[in-house]
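Visitor: sequence and predicted model, in that order:
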Amino acid sequence: MRRWIWFLIVVLLGVGVGLLYGWLVNPVKYVDTTPAKLRSDYQADYILMVAEAYRAEGDLDLAARRLAVLGDSPPAEIVRQAMILAAQIPYADSDQELLSQLASALQTWSPSAGGAQP
């Protein structure tokens, strides 16, 4: 019985020291991280959030600027790629419809003088 108690004490001490080191002494520092560095499924979630914001705000220039942080591709292509992934995962039908609406709006969109700036 005494062996088990010492074993548990050592394990708990190891976990405690590991957490202390990882959270306080040497935590991970993210610098200049952009949505473009996310995994593709998280990028699709970001694009879905942009589509939801577009539905609420109706500002296509703002939506395009939000999508521009994902790379050099045209915004319509970025949304099209997200739609492909959304069909594979699969996203809810309502979410896929939001992406489709944003993609349709971006098909005819061209940057305005005020909307071309980041």
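Guide: Happy to help now that I have it.
Visitor: where does residue 29 sit: helix, strand or coil?
Guide: coil (DSSP: H, G, I helix; E, B strand; the rest coil).
Visitor: now the helices for this protein?
Guide: Listed in chain order, the helices of the chain (DSSP state H) span 2-20, 40-57, 60-68, 75-88, 93-107.
Visitor: quick one: closest of those to residue 30.
Guide: With distances scored as C-beta to C-beta, the stretch of the helices of the chain nearest to residue 30 is helix 40-57 (14.1 Å). In this view, the C-beta of every residue, glycine as well, is placed from N, C-alpha and C.
Visitor: that closest one to helix 60-68, inter-axis angle?
Guide: Angle between the axes of helix 40-57 and helix 60-68 is 170 degrees (criterion: axes from the mean of the first three to the mean of the last three C-alpha atoms, to 10 degrees).
Visitor: buried residues of helix 40-57, list them for me.
Guide: For helix 40-57, burial by neighbour count (16 or more other C-beta atoms under 10 Å) applies to 43, 44, 45, 46, 47, 48, 50, 51, 54.
Visitor: the fourth one touches residue 38, doesn't it?
Guide: Think residue 46. Yes. Look at residue 46 against residue 38 with C-beta atoms under 8 Å: they come within range, at 6.7 Å.
Visitor: distance to residue 30 and mean pLDDT for the helices of the chain - can I get that in JSON lines?
Guide: JSON lines is the format used below for those (distance: least, C-beta to C-beta, whole Å; pLDDT from 0 to 100):
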{"stretch": "helix 2-20", "distance to residue 30": "19", "mean pLDDT": "95"}
{"stretch": "helix 40-57", "distance to residue 30": "14", "mean pLDDT": "95"}
{"stretch": "helix 60-68", "distance to residue 30": "20", "mean pLDDT": "94"}
{"stretch": "helix 75-88", "distance to residue 30": "23", "mean pLDDT": "94"}
{"stretch": "helix 93-107", "distance to residue 30": "27", "mean pLDDT": "94"}
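Visitor: for those, give me TSV that also has distance to residue 31.
Guide: Converted to TSV, the helices of the chain look like this (distance: least, C-beta to C-beta, whole Å):
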stretch	distance to residue 31
helix 2-20	23
helix 40-57	19
helix 60-68	21
helix 75-88	24
helix 93-107	30
